[in-house]
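K.L.:
Quick one, fold the following:
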Amino acid sequence: MSLRFSVLASGSTGNAFYIETEQQRLLVDAGLSGKKMDGLFKGIDVDPSRLDGILVTHEHSDHIKGLGIFARKYQLPIYANEKTWQAMESSLGKLTIDQKFQFDMGSVRSFGDIEVESFGVSHDAAEPMFYTFRNNGQKVALVTDLGYVSERIKKTVEDADAYIFEANHDVEMLRMGRYPWNVKRRILGDSGHISNEDSGLALTDVISNRTKRIYLAHLSLDNNMKDLARMSVNQVLTERGIDVELHDTDPEAPTPLYDVGAVTERV
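P.N.:
Model (predicted):
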């Protein structure tokens, strides 16, 4: 038994994450149109009609744009906390009662053979939360859309086999960029997004010898670049003697389906 996952899309224009075992298939967020979501699943050769459910992180449009139509098309249950349901329900369109489920922040829930733990993050949404996934001793952590990485979050996500971790912006690119100051202040604040350097610093506190892959996620189209994010995070890790694979994500193309069971411990 093994966890396998793909970052279907990641960025300010849309986010979606897929994780599976032989028994269970879960989607986290559906922040692109229904048509684009179908195309992303086709890109990893997965049939979305076989999904078992959709977990929601928060109500921002880049995470729920296609949620309603996608859930209706494939008759999928949706899981979110109460405040997120209140914030997003009116924008999802008509759903049946058996598609609406509550998943409280700070709780653990089993979906078949996948144990999912939710944890709160600091972001300007109703009650944003992200997830860790466990199966057969393996752990994957999904951590984006947060202004800072608290000690509580670090404790929750530490010692994972793989991370999908935010590296939203380069601070100097953001400061010198075209955004109005109120938007810059929001991104730089404790309820915004973390920078490349802060991403690297947080990762140094949570990765372990079992960690083999980090996917840098939610990169800003205007205030970051894939090469720059990778270089900045790698520099922080290298300075602390850490050698781990860094992988890109993309706002429009899925990463190849990755089998966590293929990972061996670093020496």
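K.L.:
Kindly state the beta-bridge partners for the closest residue to Ile194 other than its chain neighbours.
P.N.:
Nearest residue to Ile194 in three dimensions, chain neighbours excluded: Glu166, at 5.3 Å (Cβ to Cβ, 6 or more residues apart in numbering). Yep, even glycine has a C-beta here, placed from its N, CA and C like the rest. Taking DSSP bridges as the rule, Glu166 bridges to Ala217.
K.L.:
My guess is Glu166 contacts Ala217. True?
P.N.:
Yes: taking Cβ atoms under 8 Å as the definition, Glu166 is a contact partner of Ala217 at 5.5 Å.
K.L.:
hey, what's in contact with both of the two?
P.N.:
Common contacts of Glu166 and Ala217 (Cβ atoms under 8 Å, 6 or more residues apart in numbering): Thr144.
K.L.:
contact partners of stretch 245-260?
P.N.:
Here stretch 245-260 has contacts from 2-14, 18, 36, 40, 43-46, 138, 140, 161-162, 164, 212-219, 221, 226, 229-230, 233-234, using Cβ under 8 Å, 6+ apart.
K.L.:
got it, and stretch 198-210?
P.N.:
So stretch 198-210 is in contact with 141, 148-149, 154, 157-161, 163, 165-168, 194, 214, 216, 229, 232-237, 240, 242, 244, 263, 265-267, going by Cβ under 8 Å, 6+ apart.
K.L.:
So for stretch 157-172, first residue to last residue, what's the gap.
P.N.:
With Cα to Cα, to the nearest Å applied, stretch 157-172 spans 28 Å between its terminal residues.
K.L.:
next one: it to chain centre, how far?
P.N.:
In terms of Cα atoms, centre = their mean, to the nearest Å, the centre of stretch 157-172 is set 9 Å apart from its chain centre.
K.L.:
Can you list the buried residues in that stretch?
P.N.:
157, 160-171 (16 or more other Cβ atoms under 10 Å).
K.L.:
ok, now stretch 101-120?
P.N.:
Residues 103, 105, 109, 111, 114, 116-120 are the ones in stretch 101-120 that count as buried (16+ other Cβ under 10 Å).
K.L.:
Rounded mean pLDDT for that stretch, please.
P.N.:
Stretch 101-120 carries an average pLDDT of 98.
K.L.:
in the chain, which helix has the most residues?
P.N.:
Using DSSP state H to define each element, the chain has its longest helix at helix 226-239.
K.L.:
Quantify the burial of the nearest residue to Asn234 once chain neighbours are set aside by counting its neighbouring residues.
P.N.:
Closest residue to Asn234 apart from its sequence neighbours, by Cβ to Cβ, 6+ apart: Leu246 at 5.8 Å. As a burial measure, Leu246 scores 19 neighbours (other Cβ atoms under 10 Å).
K.L.:
do the one 4 residues further on as well
P.N.:
Residues near Asp250, counting by other Cβ under 10 Å, number 15.
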